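A.B. asks: What follows is a predicted structure for the sequence shown.
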Amino acid sequence: MLETALYRYFHYTKFRPGQKEAVTVLLQGQDFMAVLPTGSGKSLCYQLPAYLKDGVVLIVTPLISLMEDQLASLQKNGEKRGVVLNGNLKEEDKIYVLNHLNKYKFVFLSPEMLMQEKVLSRLQSHHIALFVVDEAHCISQWGIDFRPEYRNLKYAKQRLNNPVTLALTATATAKVKEEIKSALLDKDAVEFCDSVDRPNVSLSVLFTRAKLEELKRLLSAATGSVLIYCATRKKVEELYYQLKKDYIVGYYHGGLDSSQRRLLQQQFIQDHLQFLVCTSAFGMGVDKPDIRMVIHYDLPDSLENYMQEIGRSGRDQKDSDAVLLYQLQDEKIHYFMQQQAQQERELFEFQIRHQAVKNLTELQEKWLQQTKIFGKDAFLEKLEQNELEKKKKLEQMLEYIYYKGCRREFLLSYFGENLTKVPNRCCDYHGLAKISVGLKEKEFHFSPKKDAWQEILLKMFKEEK
């Protein structure tokens, strides 16, 4: 009985939604996709079947920090047969791990590491009990232009003798789910999709012409831990230096070395830092249940990313808040990055078509390999389609900003769900005048919900005159 095994290995008496379904299907030898909210125990979906099956469990994850967090969590529970294969390992250490794979039960690695021939060929000689892709939405989000190795995971799966596969993510639209299935799972795969709704997290957009002042007002009134998301590493550091004199704050982005990232993460988790300014690199797998507020200082580039990031708050199911600060033309940074990506793609396309493949960037070198796998024309077409999709997603993000109705209803509709019950602290549309948990009792005024965005613009121009 699975409940007996659950208690034996984890000392839990009952499963959370989706966990038992995942374990049952995986033990029956079928692929499974689990779309479960942040903090809902996705890791158990592969850890329990790992203890009930012989062989190595491979866990593909997008970030080194996430691998290290998951390994530390296993070790905390007494599991000593885990290892991380990443670029921080010395070559001799990596060789040792590959030569002693039979000593390990859980192997964490990135798609780039998995696709290295010496790694893949060594793994081929071992029985893979389970092939896990964590944060599987990255197959869609990053799997064409940014980290194309995600699109090669099915090839790796075939090389590994088609092990039973588990795809895990917290948010996925119907389109993304289909992409995950197509790129990774067998045709008879089973899926379990819990609601993306987080009723304990209130949703608010604050229109402002003085964003830094509004942020400081929020932070000065905050009583719990707060994450502040920015779009770029440069903005993260700039904002940190603007705040550090007055607040107990740190900053985190992918440009820091691994020891710095671990230190900052631990300081935040242990409440030595109340506020953390970060890029999207922070959050995946971070086990801090009591974040009371997530503030977006910059506009996210998609509703998927927005849902992922606000999902860091209130994992303890207590009331929490998501506040998006919006200043006119905040979207310009994303248009700029999209334009840069388009120029890089167009240059690469010119070089490919004129057989002048030299002085390629690291990313273009990866693209070149993908043209050999998928065909030149097919891959170039995919790159261009991906650019159009990103523009569309940014437009949908802006629609959310200017939406005049219930924000929760808008978000759920985007993910194919219906709002069945309006929580007490739903969103600013429903008259949320206070952010009562992350802030002290203080009036918090939002932009008028009855004004169309065109009217807001006209009013602002009139004020300037």
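C.D. replies: Received, thanks.
A.B. asks: so where do the strands sit in the stretch 1-150 of the chain?
C.D. replies: Listed in chain order, the strands of the stretch 1-150 of the chain (DSSP state E, counting those that start in this stretch) span 32-35, 56-60, 82-85, 106-109, 128-133.
A.B. asks: Save those strands as a markdown table, and put in mean pLDDT too.
C.D. replies: Below are those laid out as a markdown table (pLDDT from 0 to 100):
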| stretch | mean pLDDT |
| --- | --- |
| strand 32-35 | 96 |
| strand 56-60 | 96 |
| strand 82-85 | 94 |
| strand 106-109 | 96 |
| strand 128-133 | 97 |
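A.B. asks: Mind putting these into TSV with mean neighbour count?
C.D. replies: For glycine as for every other residue, the C-beta is placed from the backbone atoms N, C-alpha and C. Shown next, in TSV, are these (neighbours: other CB atoms under 10 Å):
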stretch	mean neighbour count
strand 32-35	25
strand 56-60	25
strand 82-85	21
strand 106-109	24
strand 128-133	23
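A.B. asks: Could you dump those strands into TSV with distance to residue 246 added?
C.D. replies: Shown next, in TSV, are the strands of the stretch 1-150 of the chain (distance: least, CB to CB, whole Å):
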stretch	distance to residue 246
strand 32-35	40
strand 56-60	41
strand 82-85	38
strand 106-109	39
strand 128-133	42
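A.B. asks: Which one, of the ones you listed, ends up nearest to residue 174?
C.D. replies: For residue 174, the closest of the strands of the stretch 1-150 of the chain is strand 32-35, at 10.6 Å, according to CB to CB.
A.B. asks: partners of the closest one in the sheet?
C.D. replies: Strand pairing for strand 32-35, using DSSP bridges, gives strand 165-169 (parallel), strand 190-193 (parallel).
A.B. asks: looking at the ones you listed, which is buried most?
C.D. replies: strand 165-169 (a mean of 26; mean count of other CB atoms under 10 Å).
A.B. asks: Compute the inter-axis angle for the next helix or strand after that one and strand 128-133.
C.D. replies: For strand 165-169, the following helix or strand on the C-terminal side (DSSP states H and E) is helix 174-184. Using axes from the mean of the first three to the mean of the last three CA atoms, to 10 degrees, one finds that helix 174-184 and strand 128-133 are set 150 degrees apart in direction.
A.B. asks: List of residues touching helix 174-184?
C.D. replies: Here helix 174-184 makes contact (CB atoms under 8 Å, 6 or more residues apart in numbering) with 31, 33, 35, 133, 136-137, 139-141, 143, 150-151, 153-154, 157, 165, 167, 169, 172, 189, 191, 193, 304, 416.
A.B. asks: what separates it from the chain centre, distance-wise?
C.D. replies: Centroid displacement of helix 174-184 relative to its chain, using CA atoms, centre = their mean, to the nearest Å, is 16 Å.
A.B. asks: relative to strand 56-60, how tilted is it?
C.D. replies: 140 degrees.
A.B. asks: And helix 174-184, what's buried?
C.D. replies: Under the neighbour-count criterion of 16 or more other CB atoms under 10 Å, helix 174-184 has 176, 177, 179, 180, 181, 183, 184 buried.
A.B. asks: ok, the fourth one to residue 366 distance?
C.D. replies: With distances defined as CB to CB, to the nearest Å, the gap from residue 180 to residue 366 amounts to 21 Å.
A.B. asks: Please apply the same query to the fifth one.
C.D. replies: From residue 181 across to residue 366, the span is 24 Å (CB to CB).
A.B. asks: Can you lay out the strands paired with strand 32-35 as a markdown table showing mean pLDDT and distance to residue 228?
C.D. replies: What follows is the strands paired with strand 32-35, written out as a markdown table (pLDDT from 0 to 100; distance: least, CB to CB, whole Å):
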| stretch | mean pLDDT | distance to residue 228 |
| --- | --- | --- |
| strand 165-169 | 96 | 24 |
| strand 190-193 | 95 | 30 |
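A.B. asks: Let me see the contact set for the nearest residue to residue 306 once chain neighbours are set aside.
C.D. replies: Counting by CB to CB, 6 or more residues apart in numbering, residue 300 is the residue found nearest to residue 306 once chain neighbours are left out, at 4.2 Å. The contact partners of residue 300, taken as CB under 8 Å, 6+ apart, are 229, 231, 306, 309, 324, 397.
A.B. asks: Likewise for residue 167?
C.D. replies: Contacts of residue 167 by CB under 8 Å, 6+ apart are 31, 32, 33, 34, 133, 136, 180, 184, 185.
A.B. asks: pretty sure the second one contacts residue 26?
C.D. replies: Pointing back at residue 32 there. Yes. Taking CB atoms under 8 Å as the definition, residue 32 is a contact partner of residue 26 at 5.6 Å.
A.B. asks: before we move on, back to that, for the residue nearest to residue 306, phi and psi?
C.D. replies: Dihedral pair for residue 300: phi -70, psi 160, per degrees, to the nearest 10.
A.B. asks: Tell me how far it lies from residue 386.
C.D. replies: From residue 300 to residue 386 the distance is 18 Å (CB to CB).
A.B. asks: before we move on, what about residue 421?
C.D. replies: Distance from residue 421 to residue 386, by CB to CB: 37 Å.
A.B. asks: between those two, who's got more neighbours?
C.D. replies: Legend: neighbour count by other CB atoms under 10 Å for residue 421 and residue 386, higher for residue 386 (18 against 8).
A.B. asks: which one of the contacts of residue 167 is nearest residue 17?
C.D. replies: residue 34 (9.8 Å).
A.B. asks: Assumed residue 321 was part of a helix.
C.D. replies: No. Secondary structure assignment (DSSP: H, G, I helix; E, B strand; the rest coil) places residue 321 in strand, not in a helix.
A.B. asks: what about it, neighbour count?
C.D. replies: Residue 321, neighbours per other CB under 10 Å, totals 30.
A.B. asks: again, but for residue 81
C.D. replies: 14.
A.B. asks: does it really touch residue 106, like I thought?
C.D. replies: Yes. With contacts counted by CB under 8 Å, residue 81 reaches residue 106, the gap being 6.5 Å.
A.B. asks: quick one, what contacts residue 233?
C.D. replies: Contacts of residue 233 (CB under 8 Å, 6+ apart): 253, 254, 255, 279.
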